[in-house]
Structure formats: C-alpha cells, structure tokens
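Engineer: Generate coordinates for the sequence data below:
(chains A and B)
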Amino acid sequence: MSQEYRLILKNADQPGYTTDMDCYLRHGGYGALKKALALPVKDLPDGKKMTAQEQIREDVKASGLRGRGGAGFSCGLKWSFVDRKSGKPIYLICNADESEPGTFKDRQIIYKDPHQLVEGMIISCFANDVHLAYIYIRGEMPDGARILKKALADARAKNFLGKNILGSGYDLEIYVHRGAGAYICGEETGLIESLEGKRAYPRIKPPYFPAVLGLYMCPTIVNNVETLAAVKHIVTMGSAEYAKLGTPNNTGTRIVSVSGQVKKPGYFEVEVGKATIGELIFHEKFGGGLKDGRKLKAIIPGGSSSKVFKAGEKFKLKRKGADGQMTAVEVDMLDLPYDFDSLQQAGSMSGSGAIIVVDDSTDIVSVLANLSEFYAHESCGQCTPCREGSLWMNKALHRMSHGHGRKQDADYLLNIAQNIQGRTICAFGEACAWPVLSFVNKFKDEFVAKGAADEAKNHGGAGPTNEMKIAASPRAD
Amino acid sequence: MSTTETKPAPPPVEKIKIKVDGREIEVPKMTPDWQGKMQPTTMLQACALANQDVPHYCYHPKLPIAGNCRMCLVEFGTPMIGPDRQPVKNEDGTPKIAKSVLPYEPSTPRGAIACATPISPGMEIYPSSPATKQMREAVLESLLINHPLDCPICDQAGECKLQEYSVDYGKATSRFVEEKEHKPKQVDLGPRIMLDDERCILCSRCVRFSKDIAGDDALGFASRGSRNFLTNFPGKKFDNNYTLNTVDICPVGALTSKDFRFQMRVWFLKESKSVCTSCATGCNIVIGSRENKVYRYEPRENDAVNSSWMCDAGRLNYKWINSEFRLTQIKGPKTEWSLALRDIAETLRKAPLGSVAMVASARQTNEELYLLKKLATKLNALTDSVPRTGEGDKLLVNADKNPNSNGAKLIGIAPAQMGSNLPKIAEGIHSGSIKTLIVFGEDVTKCGISADLLGKLSTLIVSDILPNKTTEAAHYVLPGCAHAEKRGSFVNTKGRVQRFMQNTQPKGNARAEWEFLHELVYDVTGQNGFVSIEGLFNQMAKEVPAFQGVTWAALGDLGVTINL
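Structural biologist: Presented below is the predicted three-dimensional model:
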C-alpha cells in the first residue's frame, strides 16, 4: 500500500489546525478520555468484575500495540509487569527524549498536536492508577516543552487534569521535565536517574527494572510519545478495530522518518507492515526516490543504531503460506515490509522508525566514522566496554577516514565492536557496536581496500606512523 | 563474664543447589548485602563459596553495587523450560541447561555481571570457561587502552588490581594504535588526597564511599564517555575525616595519599596486624614499615569494630613513632636496665605502705596495666589514669581519645570516674603523705600535678616514649615503646578485647613496658609472672573477672567481646 494512513497525525498538518485546546476539542478531543473515565464495570462470565482500568489495560494488550521508542516491546505486556501490590505510588513517564539520529516523529506530535499526547497519557495513567506523571522532553526542544506546558495548563483549566477529573474521582498531575541534553537520557533507566536529578547513568537490571524499582524506587512505566498517543486511538476505536490496522503482530500505524539522500525526506504515517522499505524510499508519496543519477548503496532502517542493509541484500523470511505452513521466502532488502518482525528476521530492527538512505556518492567509511563519532560523544561512560570501545572505534574510524587506514582495520573494528555488544549495562552497547559490525561486515571489501590504499600511499605498509597517531585524534569537546 | 557474642540460634538457612564450573554446591539463598540486609545471593558470592574468585574492580562488599566495570562478567546457564513450563531433561535425566546467549546472535554467549546477578536453583556458572576468560580479557584491554601505564612511578604498583588481573587476563603488547585520552593529572582533591584522572578506571568506588558511607557527597564524574573524569564539586575541597579510605578502595593508582605517595614502594613494607590507638573505637589496622620506620596505617576489616574503614586523623597519627625526640636511654642513677630496675625495686620495697601513688595511662595495654595493678596492690598505692575526651562522630570516631579506658577501669587502675583520684594524689604530694610517684605514659603536669609539686617528691619514676615536663622532673626515666613496637591488647569502647602485634623494633635502649614491668613486679613482690605476652594475658584473664574465659589465642585477629 503506497500511501499514508494518518491516524495519529490525522489533524496535525491540516490547514488551520493549531495546538490550542479549543481546536483540539473541535476535532473531538478528549472524547476518548471521557469514554475511558465513564467505562462501566464489566461483568465477566466467571462472575468476576472488571474495572474500567482493567478494561483499558486489557484493550491495550489486545490491540497488539508495540512500543514505538525503539525496542518494539508489547505495551500491554509492559504495563502488566507493573508491581501493583507494593503499596508505593506508580509513576508514568512519557519518554519524549527523541534523540536517535534520523528520528523526527515524536516532535511532530508534540509540536502539532500536543493534546493528543496529553489525552493518551491521562488515559494511560488512569488505566494504571497513576496519580503523578512526567513528560521528559529532550533539552534541545524548548519549544516543545513550552507547547506541552501550555497544553497541560489548558487541560488543567478544563479539569482534564488535577483533582477529581471530570467528576470521576480520579486525580492526576502531569509535569514537563526538560532533559539535560544527552542521548542516554532516552534510555529508560537513564531517564529515570536524570529525572531524579542525577547523571543519566542507566541502572543495572537486575535489580532495577522500572516496573518494580523505577522512579524514586517505585513502580514506573516509561512509554514513548507515539505509543501513548496510540493509546488514545485504541480507546476511541476499540482494540479490535485498532488491531485491524497494520499486519498481525505488527498492528496500528507508525510514523516513519525518512532522511538522507532522497528527494523528499520527511515523516510518513503508515500502517505497520503495509509499506515496504522500497516504497518508503522510492514512492512519490513517500521519499520520492534517490537524487537523479544516483544508485542506492545502503539504508539504515531503524535509526542510526540499527544494523545497515546493503543495496541488493537478500533475506530469507519465514512466511505463513495459504496452507498455514511456514515457508522461507527470499526477499530483497527493498521488498521487506516495514514492520517490527520482518526487519528483525532480516537481522536488523525498525527501532525508532527512522530510515536513513545512503547513495553511491557516499564513502561508506565516512558514514560509519560520522555515526561512531556520535556514539563516542554520547556514551555516558558508566561501564567499561561501551565507554572505552565507543571512542576507540571512533578514533580508528577517524584515522581511516583521514587517510591513515590499515588493511587490518576492518578486523580490528569488528573485534572491538564484538567486545562491546551484550556486555554493557544498557542497550547503548549494541547501539554503538551494531553500526560498526554491520557496516564493516557488509562493506568489508571497501574497508580493506581503503586501508590497503592508505598503507600503499603512506609508507608501504610499515605500521602506524606518528602522522597516523596525530590524525587519529578526533575533535576534543 | 561471657566471652563471645551470644545470639539466639539462627533460623535454618534456605539453600539453593547450583553448579560452579561443573561442580555442584549448595549455597544459601540469601546473603547479607553491604548494609547487612539479607538479599538474594549473587553469582559472585556463590562463586566465592565455591572457592572461585571472580575478578572485579567496582564491586566492594561494603559498598552499594554499581555493576559498571564489567570485569566480573561470567558465562552462565539456567535450566531450560519447555513449552509445557516443565524442565527439559537430557537423555540421562539431568536437567538441560540453556546457556545465556545474545538474543540477536545465539552463537555468542551473553555474560552476566556476577556482582549483581542473583543465583537461581539449578543455575550453572562458568567462571573458568573460555568465553568468560575472553570477556575478562576484553574488559581489561578496554581499561588499559587509555591508561598511562606508568607503573614505575605509580604508588599503587604492587597492590594494583590492573596489574594483578593483567597477569591472568592481560597481553604483553597492545594493539591500540590510537592516541590515548589525556586527562587532568596531579589534581589536588583535598588536603590529603591527590588524584590522577588518567589512571582512574571510573569504577565509582570512591564516589559511593563518600556518599553512602562517609555521608559527604563530594565526588562525582564530569564529562561523558571515555572522556569522563572524577572530580569534586567546583570550589569545594574533598575534606572529610574519612577521605583516605578512598585511597584504600581505589583499585588503581588514581587516588593517592599525599602523606604516603612517593614515600615507599609497597612491596618493601613489613606489615603487621595492629589496632589504632587514637580513640576508644580501636579500629583494626595494618601497620606498614620499612627498616624500622613506620610509613602508613591502613584499616583492616573487622565488622565488629570498624568494617573496612578508619578515620583520617587516626590513620595519620603515627608520625610520633618515628620522632627524633623519642626517649631511647634510661635516665637516672643507673642506666642499665638490670641495675636500674633493681634500684627502683629497692626504693619501692622500702617505701612505707601508702606512700606510693601511681598514674598509669589508659593508652597502655591491659597487660601493662595488670602488672602495674599488681605493683599498686603490693604498695597499697593510690592509682588513676588520665581521661582524654574530644569530639566523636556517628561513624567511627569516639569521644574518648584513650584506646584502653575500659581496660584501665576493668583492671582497677582507674576509678569508675577516671581522673577523680588525680586531685587526691596531688593533695597527697602536697601534704607529704605521698613521697613516691610512678607515672606511665602521661605528662601529669597537664593534669593538676605541677612541676613544683613533682619537685616535692623523693622519688619520681616515669616511663614514657617522648620527653615532657614530667620526664624532665623524673629521677628515673624508663624509655618505653609505641604500640607498633610491642604486643599487647586493649578493650575498646564496646568491650571488644583486641590484640595487636609488634611491627618495628624498640628505639635505642627502650624496652616494651610489659617486659620490664614483669621484672619489676618480681623484684618488688616476689611473685613470678609469665615471660611471654600470651602467658601474661592468660594469667590476667584468670585473675581479672571481666576477662574470665578469654585467652590470648582466642582473641585471634578480630578480638572478642566481653561484658563491661
């Protein structure tokens, strides 16, 4: 299907649509909240009763909604892990620290339709018996913070927030907290530390699973902006209708950010899995194709930390045939449906829903050097493999991209990256290792050739020289 | 008169069966954490019970767990559970183990940090497997790439965890061809601490100690990633009374003691177990010396007393031992020990009963005080000690600055109100009823017995370590020993009887007080005592009710608590 399906961004880009409360209300805003608060207790066949909160939680689980932040974990399942018997307050945090390079979807919601997020949040808080929630917004988005604060104030004025919301007896307060400006603040336990006023050092798990020991050591839910906005629509439509969007196990819509060397970079809301990567890049309704005369070289499918796909790469996907049997189908990279499961089967991930396109005008070593500089700069430095490895890889790649590569640098890089992934406190280890592992593995000939050419040019392969070492110092900051 | 802690019988310990390197062991399900609270036993604790040391940098048993160094990563597996939620079995009926692997790369083992990961029934831990070894090698390599490798000029050399683990997991050469990160060096953190940020491995032990133990949230990290560095808050010095503990727990040479740095290579130090004498807490210490010169005190772990810590004031209170003004010769009519002691004994034997008084020090050992008490009993002497008080704190420092006030009271040298006999002694000298005064380790001119008053005595016998107004006025000065130069025991503020060992030799002609007191007691009373410290202590324990049942051997390294 080569067109957008606008659910969350339905109104956002309509002429005359503003962030004002009145505008939102004119478009049916806060209807889902009213519906949620008014849900009658449901009688179950076994005689038990199901509260409104339990019904919403069940709906979110049944909707198949998967987290839109990066991991794609089932939202309903995440909510079900919350320790509801601890006697401690339960907190909900909206993760609006959108920082993954190539990703610019959450800010569309915040900047253009903030009440949708607020409504989704209030419903989610209600469903989880949360009375205090935070929106942790990236420090570099001051406008977003201002817009959200206004939206919250307006919601408070209309009694969508505060004490006894709409006469339901339910109390909730939501605060905006601006991040301090670090990628790692988007890691949920790093975010919690930051919200507590500390350095955003991710916590070790075990024991600090947010669902049990989160904010202030209380049970905590951390959800992405887009995820929370989707909750509003699940309540409005009902879980069955929502689950009809998208594809099985990959339900609903997703806002995909397409960037890089395409004619029409932008964000596109599509049903999950209904558009292929190729369509998202080449179709005129989406990315509009490469610049004239260029050929595709690679794409990074799910934010800069996801593993790269090489143009022409083929994957074996398991598909359920008409007879119900699972069969392996060979699929070209461009024909991969853009969903959670297909990309995972292809060895990468849809991550934050950001496709970065690289054409044949680009030196692949430089692309990786650029990415690794970001990760070396953003590593929080708490645990050894990531702290040391991310800068090590960056220095090696900087050296390579500045004419001082070596033939063995490809294997050198692979080995450094292998020593990071899976050995760190948080997923940043993977985030910095995966680009290196996938780029070098898939474009190994280019890395080796670059090293060999540099060696021949510099000194006939006699090992590192002083100039190499000098060139190896990336910018200090 | 009970001798050891009496606690109610502990509840039965719930145990879990696990395998460590293929060997099945049973370990307690719960183990005390750094605060002593029972928590699920960790892999690291379980491996220790299986005599498998798991290397680590950031983990410290007395600090909250950080899990940041990753050196303790171990390969492990757990019993496989089938779709029916039942354990899957091998053909031989043993449970099938699912090794932990990377979810996205199932051929690669996924380690867990042993310091923070709880064990579970049937778990298998592989601390010696090739995969575990490879993970440790990789972490060590990462820690070393930006390390200055300046061991030849580093004070930590010889007791450095980077060096130690390099033997097992390091390589002879580095493949790192990039430029190392440069960070601040010779950072003056505070009056006693110097920091080298290039050596720092960012394990955060010092940060956690300062915040969670010392209660002074003074240290933190700045910058990001590999450029992280340890620092204190701008404009604020790292200056609490416990800062030097961070030097002990720093696994590398990042934090050094200004007092000790560049003074002595640690492998030359002769180390002995001892006890700090700066207050009544009696922190357990290790004294390090070379060629009869004391270079440092370090705390020695004793959970009944000082955990793993000691205060800076106590730690640095050793310089007097090396003082050039130490008394090293007998001063008096006779200057050889045998002749001087015989002479003193003669004087004391002739002294009319009640004409002798004695001021002993609560800084003396139980054994010395016991011998002095014998003497005092024979001579019917009025005795006392000198109280010393100052400020205490909530962690370790006691307001009582004498290390053995309780010993002095239990043995009967000091009255219950220590110092209350001192005015009576002064009065006695003034009135002339007291003609002979024996003073051990105190300058009595500072506590109401003036130099003029001392001038009225017919005999003043003094033993001390350093000269003072009292030794100046003495007819006999017997040079004694610092605790580092002798053996003995103290009773701390909580009734912990703790022994300490000799580290250095007495200065010059000085002798351990208990040795010459033993001779003097024999000469005066005719009672023969024991010529060894063990025998002496055991004899005292039989005679002094509070010590009954305690033996020198039973004191061990950590002491025994008695009822006060």
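
Engineer: wait, doesn't B:Cys160 sit right on B:Ala254?
Structural biologist: No. Contact criterion CB atoms under 8 Å: B:Cys160 and B:Ala254 do not qualify, at 10.2 Å. The way it works is simple: take the backbone N, C-alpha and C, and place the C-beta from them, glycine included.

Engineer: higher neighbour count, these two?
Structural biologist: Counted by other CB atoms under 10 Å in any protein chain shown, B:Cys160 and B:Ala254 do not tie: B:Ala254 has more neighbours, with 26 against 19.

Engineer: wait, that one sits on B:Leu230?
Structural biologist: Yes. Using CB under 8 Å, B:Ala254 is in contact with B:Leu230, at 6.8 Å.

Engineer: Next, show the common contact partners of the two.
Structural biologist: B:Leu195, B:Asp197, B:Cys200 (CB atoms under 8 Å, 6 or more residues apart in numbering or on different chains).

Engineer: wouldn't the last one be in contact with B:Leu230 here?
Structural biologist: Yep, that's B:Cys200 we're talking about. Yes. Judged on CB under 8 Å, B:Cys200 makes contact with B:Leu230 at a distance of 5.1 Å.

Engineer: who touches both of these two?
Structural biologist: In contact with both B:Cys200 and B:Leu230: B:Ala254, using CB under 8 Å, 6+ apart.

Engineer: now the helices for the stretch 251-400 of chain A?
Structural biologist: For the stretch 251-400 of chain A, the helices defined by DSSP state H, counting those that start in this stretch occupy A:277-282, A:340-345, A:364-378, A:384-401.

Engineer: Which among the ones you listed is found nearest to chain B?
Structural biologist: helix A:384-401 (3.7 Å; CB to the nearest CB).

Engineer: next helix or strand past that closest one?
Structural biologist: Under the assignment DSSP states H and E, the closest C-terminal helix or strand after helix A:384-401 is helix A:409-418.

Engineer: Do that following helix and chain B come into contact?
Structural biologist: Yes. Counting by CB under 8 Å from any CB of the partner chain, chain B is contacted by helix A:409-418 at A:Tyr412, A:Gln418.

Engineer: Report the buried residues of that helix.
Structural biologist: For helix A:409-418, the neighbour count (16 or more other CB atoms under 10 Å in any protein chain shown) marks A:Asp409, A:Ala410, A:Tyr412, A:Leu413, A:Leu414, A:Ile416, A:Ala417, A:Gln418 as buried.

Engineer: Could I get the buried residue list for stretch B:287-307?
Structural biologist: For stretch B:287-307, by 16+ other CB under 10 Å, it's B:287-290, B:294-300, B:302, B:305-307.

Engineer: Which one of the residues you listed is nearest to chain A?
Structural biologist: Nearest to chain A among those: B:Ser307, at 23.0 Å, using CB to the nearest CB.

Engineer: got a list of what the closest one touches?
Structural biologist: Counting by CB under 8 Å, 6+ apart, B:Ser307 has contacts B:Lys62, B:Glu301.

Engineer: ok, back up a step: a markdown table for the helices of the stretch 251-400 of chain A, including distance to chain B, mean pLDDT and mean neighbour count?
Structural biologist: Below are those laid out as a markdown table (distance: least, CB to the nearest CB, whole Å; pLDDT from 0 to 100; neighbours: other CB atoms under 10 Å in any protein chain shown):
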| stretch | distance to chain B | mean pLDDT | mean neighbour count |
| --- | --- | --- | --- |
| helix A:277-282 | 19 | 96 | 22 |
| helix A:340-345 | 8 | 94 | 21 |
| helix A:364-378 | 6 | 96 | 22 |
| helix A:384-401 | 4 | 97 | 28 |
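
Engineer: Can you check the distance spanned by stretch A:358-367, start to finish?
Structural biologist: 9 Å (CA to CA, to the nearest Å).

Engineer: And that stretch, how far out from the chain middle?
Structural biologist: Chain-centre distance of stretch A:358-367: 24 Å, with CA atoms, centre = their mean, to the nearest Å.

Engineer: So what touches it?
Structural biologist: Stretch A:358-367 is contacted from outside by A:260-261, A:290-291, A:294-300, A:397, A:400-401, A:405, A:439, A:443, A:446-447, A:450, using CB under 8 Å, 6+ apart.

Engineer: mind listing which of those residues are in strands?
Structural biologist: Residues of the contacts of stretch A:358-367 located in strands (DSSP state E): A:Gly260, A:Leu296, A:Lys297, A:Ala298, A:Ile299, A:Ile300.

Engineer: Just give me the closest of those to A:Pro210.
Structural biologist: A:Pro210 lies nearest to A:Ile300 out of the ones in strands among the contacts of stretch A:358-367, by CB to CB, at 28.0 Å.

Engineer: What residues does the stretch 51-200 of chain A have near chain B?
Structural biologist: A:Ala182, A:Arg199.

Engineer: show me where the stretch 301-450 of chain B has strands.
Structural biologist: Remark: strands assigned in the stretch 301-450 of chain B by DSSP state E, counting those that start in this stretch are B:356-359, B:382-384, B:436-440.
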